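> quick check, what structure comes out for this input:
(chains A and B)
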Amino acid sequence: MSAVITDWETAPEPRVCTLEDYRGAEARWCPGCGDHAVLNAVQRLARDKQLPPEKTVVVSGIGCSSRFPHYMATYGFHGLHGRAFPVACGVRSRRPDLNIFVVTGDGDCCAIGTAHWIHAIRYNMKLAILLLDNNIYGLTKSQTSPTTRLGERSSTHPQGSFVAPLNPLSVTLGIANVSFVAQTVDWNPPHLYATIRAAHEHDGAAFVRVLQRCPHFTSHVFQEPQRDFGRLLLADHPDGIPIDPAVRSLFPNRIHHDPRDLPSARELAARDDVYPIGLLYRNRDALRYDQATSRGLGKTPAEKLAAVEETLERFTI
Amino acid sequence: MPLDQLEGAAKSQGQAARLVSQHIVEIVSDSGEGAQTCGQIFADLCARNGNGIWTVEIIPAEIEPPSRSRAGASGNRIRIGSARVTNAGDAADVVVALNEQVLYSRIDAGALHAGTRVFVDESWASDPDEAVRARYAEAVADFRQRGYAVIEVPIESECRRFTDEPRKGKNMWVLGLLCALYDLDEARVRPGIAARFRKKGEAVVQKNLDLFAAGYRWALDHVEDRFHVPSAPASEPMVVMNGNQALALGIMAAGIEVCSMYPITPATSASHFLAANFERAGGFVHQAEDEIAAIGFAIGCSYAGKTAVTITSGPGFALKTEFIGFAVMAEIPLVIVVVQRGGPSTGLPTKIEQGDLLAALYASPGDSPKIVLAPATIEECFHFLITARKLAEEFRGPVIVLSDANLATGQQPFPKPTLSEAWLAPPVDPSDWNPEVPPFDWDPRTGLSRRPVPGQRGGQYVVTGLAHDDQGHVAYESAVNQRAMNMRSRKLATLRAALKPPAVHGADRGDLLVVGWGSTLGAIEEAVDSLRARGLAVSSLHLRFLSPLEPGLAEIFSRFRKVLTVEVNYADEPGQPFIDPGSRRYSQLAQLLRSHTLVDVDCWGTVPGSPLPPGRIEEHLLSVLGETKKES
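Residues are numbered from 1 along each chain as shown, chains lettered A, B, ... in the order given. Below you'll find the model as predicted:
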């Protein structure tokens, strides 16, 4: 990790972790829920990268997707509704050695936690952020979420929602110091895996929106692009999400898009005729707040005491 | 020390000043004229001279309210004593006012009495604006009518001899006047002033020294009554600071790594201090996007094995309560400092109240037992942070430290702490965790348990705010929930068993026991001492632990005919419409003690927005004693 020191280094022992080493409690999401696909992808990634389970932390808020940490055998933090970001930033602030995943949903991130989402992007601490967006509140039984489409019916808006949905990609791309924005879908496991992997490898806050189905309440929402890959627009670039040529060939619609090009990324994000997927934007040079918050790590007790003594001395009469 | 013994010391300095054992002086001005700086320097000089001091900042709610307005007074009160001073006292003996209008705010606050010496800038008498001249003349006549000893001082015209901007120089001139008035050695003061302005260049240093010297000289030439408060040099090294600085230094001395905060008055100055000094001690200040994020960040930090504190005041505390409940449920150590101000809602942002007591104990969803401490002195602001950090880790949960606006800005000398490595948070053990040991391995007797920290192999678990078993697994079964609630609550009983009963100030039995907490300690004890000197059977007791409460209270209370809390907190006054013993809302400490001890604890709760003067407490206690005697 660049320019970040740690006071937490343990000697690595040779061992090989298998998928079993990342599997926690049995997932209790509904059959057909997109969350299962994301869980599988993260477990595979952890195995492939041999992330030590004890050095991996999954932080979530509240909602269906936020049950995620319970189903991993790593450290987990299943916190408060909307507050995964500040907790994850706090974990990161003094622990550059940990692998941190933030799992959040469209209610958790885009409604009750909006302020934290914006600022977490701006802080750009190293976090792999997965927004599991199924356009609905599932756990509380079908209420309109900020990404629910106009006119879509729910328990809170039985005649259809009144307000235009928020576009999480456009919002994120509008935040100062944004450094990584990608979109993928739960029904294409290779692309999902490759996107989460790129997010994990990014040195900064990597924001991934996963379009996914709620089999109970929004099974119809992404039916079209699921049946017809032509409704997806693959952002294609040598610097983009690396995917297998066979997977790539599944997408008839591709656009050459340089992930360093922010205005184009914003245009792409705002398209409503197709669903853009792939890496929309990446800036490897964005400022990292965790490089500031980890200052002073590794000070010895003697150094600390000397500094306190020196400060106290100024008040001595 | 009695005055006659002190006289020798004064004579040896060859000064003609009148000896006094203590004095209260205020300096007030429009905001931005430096009265606060002047007061702080003067207090610091007195403390360095070996005097006891206590200061109160006089702060308007705005940065720069309209000038010459009653509500805009800014400044400082300094109580100087020949011995330790524990509170701000009653009426001022001396007030220096840079204009006559700001003085009215102090009159309205009851800070003056007949006989107070009022030094007022007479330059307003020759102001080009006729209305200003008229208001000045009218006010000075009124001051004399009220019995103040008015001394008109040509502050602005004197300052004009040294500066074209007297608004920015008056405070140093007044500092000179005060130093002469209180018989401080000019030569000893000058180096401090020079050091303070050194960064601004030689010309600025010289100008300020000239202003100081001119004020000093003017006082020697024109003021007949000058005072000498004998000082007793301390036998040990002393420090002088305000409560927020003491909190911040306590945080550093406790080895806390992160202070996560959001700006709020009157707590923020502690974070300012940390921001300037923390990094050298290995710490970092995170200014979060809001109060909720501030505590969430601190909890994340602590969860990851790094000690953290979050600092706030009432409104911010209200926003943090969901996370505090989470820290109770997930058993995450955390120190939460609440520098209380007046409420409810935005209330009185710069003023003192003790109204967050019950919120600190109860304001989270469900039953969320937590430790609550309250320092009563500036010195305790420092030491309680070290205690709080240790308790948070030992008892694996949040610890709330309740300070208030009176402690926050009040300055008082105390013995310089001898730092210890044992105070520092130990580095977290990164060795393997025995996977056989559950992450909530509650000792069935004490409720205590050790916690695994990310990085510890074999300790992987999930913290959750949901009901959970000792494995941290979500569990809704009744028996599991009952047990976990029991274990979290047991920790408070365990801590209480390790506490000693509080000491009674005065005799351990009598007619009246006054119970207080927080910054009212000095004023209560001064009032009690005064009544005891008159032969009345009054004692007091001051609580430092509010949750759990210190043991033995019911037994102590039983030895007094009446128990009364004195709080800067609202209480219904008996005798008001609809207020009877059934409907009366007691002040918060009284509510707590009544339910805890089943003793019929009475209260005197008042919300003046300013520290309780000992004289007012004494007056009230006398009336209470009168009632008590009638009952017998």
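> off-centre distance for stretch B:441-452?
On the basis of Cα atoms, centre = their mean, to the nearest Å, stretch B:441-452 sits 35 Å off its chain's mean C-alpha point.
> which parts of that stretch are buried?
By 16 or more other Cβ atoms under 10 Å in any protein chain shown, the buried positions in stretch B:441-452 come out as B:W442, B:G447, B:L448, B:S449, B:R451, B:P452. For the C-beta atoms, the positions are set from N, CA and C on the backbone; glycine is no exception.
> now the end-to-end length of that stretch.
Using Cα to Cα, to the nearest Å, one end of stretch B:441-452 lies 10 Å from the other.
> quick one, helices of the stretch 51-200 of chain B?
Per DSSP state H, counting those that start in this stretch, the stretch 51-200 of chain B carries helices over the ranges B:100-108, B:130-145, B:155-159, B:166-181, B:186-197.
> pLDDT of the fourth one, averaged?
Same thing as helix B:166-181. Mean per-residue pLDDT for helix B:166-181: 94.
> what is it packed up against?
When contacts are defined as 3 or more Cβ pairs under 8 Å, 6 or more residues apart in numbering or on different chains; DSSP states H and E, helix B:166-181 sits against strand B:22-29, helix B:35-48, strand B:94-97, helix B:155-159, helix B:186-197, helix B:202-222.
> what about residue 290, neighbour count?
No chain specified, so I'll use chain A. 22 (other Cβ atoms under 10 Å in any protein chain shown).
> wrong chain, I was asking about chain B
16.
> helix, strand or coil for the residue in the stretch 51-200 of chain A positioned nearest to chain B?
For the stretch 51-200 of chain A and chain B, the shortest gap (Cβ to the nearest Cβ) falls at A:G90, measuring 2.5 Å. At A:G90 the chain is in helix, as set by DSSP: H, G, I helix; E, B strand; the rest coil.
> ok, and the closest non-adjacent residue to it?
Distances taken as Cβ to Cβ, 6 or more residues apart in numbering or on different chains place B:G300 nearest to A:G90, at 2.5 Å, with adjacent residues excluded.
> same thing with A:G174?
Nearest residue to A:G174, sequence neighbours excluded (Cβ to Cβ, 6+ apart): A:R266, at 7.5 Å.
> if we can go back for a sec, save the helices of the stretch 51-200 of chain B as JSON lines, and put in distance to B:I324 and mean neighbour count too.
Output for these, formatted as JSON lines (distance: least, Cβ to Cβ, whole Å; neighbours: other Cβ atoms under 10 Å in any protein chain shown):
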{"stretch": "helix B:100-108", "distance to B:I324": "37", "mean neighbour count": "22"}
{"stretch": "helix B:130-145", "distance to B:I324": "49", "mean neighbour count": "14"}
{"stretch": "helix B:155-159", "distance to B:I324": "50", "mean neighbour count": "22"}
{"stretch": "helix B:166-181", "distance to B:I324": "42", "mean neighbour count": "25"}
{"stretch": "helix B:186-197", "distance to B:I324": "41", "mean neighbour count": "14"}
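> helices along the stretch 201-317 of chain A, start to end?
Taking DSSP H, counting those that start in this stretch as the criterion, the stretch 201-317 of chain A contains helices spanning A:223-227, A:245-248, A:262-269, A:290-293, A:301-313.
> so which residues make contact with the second one?
What it means is helix A:245-248. Here helix A:245-248 makes contact (Cβ atoms under 8 Å, 6 or more residues apart in numbering or on different chains) with A:N188, A:P190, A:H191, A:L234, A:D236, A:R254.
> sorry, back to before: contacts only, for the residue of the stretch 51-200 of chain A closest to chain B.
Shown in contact with A:G90 (Cβ under 8 Å, 6+ apart): B:258, B:260, B:286, B:296-304, B:308.
> among those residues, which two are most distant?
B:H286 and B:Y303 (14.9 Å; Cβ to Cβ).
> what residues does the stretch 101-250 of chain A put near chain B?
Within the stretch 101-250 of chain A, the positions near chain B by Cβ under 8 Å from any Cβ of the partner chain are A:A115, A:H116, A:I118, A:H119.
> show me the contacts for the residue nearest to the first one when sequence neighbours are not counted.
When you say that, I think you mean A:A115. Once flanking residues are discounted, A:A115 sits nearest to B:E289: 5.5 Å by Cβ to Cβ, 6+ apart. Neighbouring residues of B:E289 by Cβ under 8 Å, 6+ apart: A:A115, A:H116, A:I118, A:H119, B:Y262.
> any chance of the residues you listed in JSON lines with pLDDT, neighbour count and distance to A:D244 as columns?
Shown next, in JSON lines, are those (pLDDT from 0 to 100; neighbours: other Cβ atoms under 10 Å in any protein chain shown; distance: Cβ to Cβ, whole Å):
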{"residue": "A:A115", "pLDDT": "98", "neighbour count": "16", "distance to A:D244": "39"}
{"residue": "A:H116", "pLDDT": "98", "neighbour count": "29", "distance to A:D244": "36"}
{"residue": "A:I118", "pLDDT": "98", "neighbour count": "18", "distance to A:D244": "35"}
{"residue": "A:H119", "pLDDT": "98", "neighbour count": "18", "distance to A:D244": "36"}
{"residue": "B:Y262", "pLDDT": "98", "neighbour count": "23", "distance to A:D244": "47"}
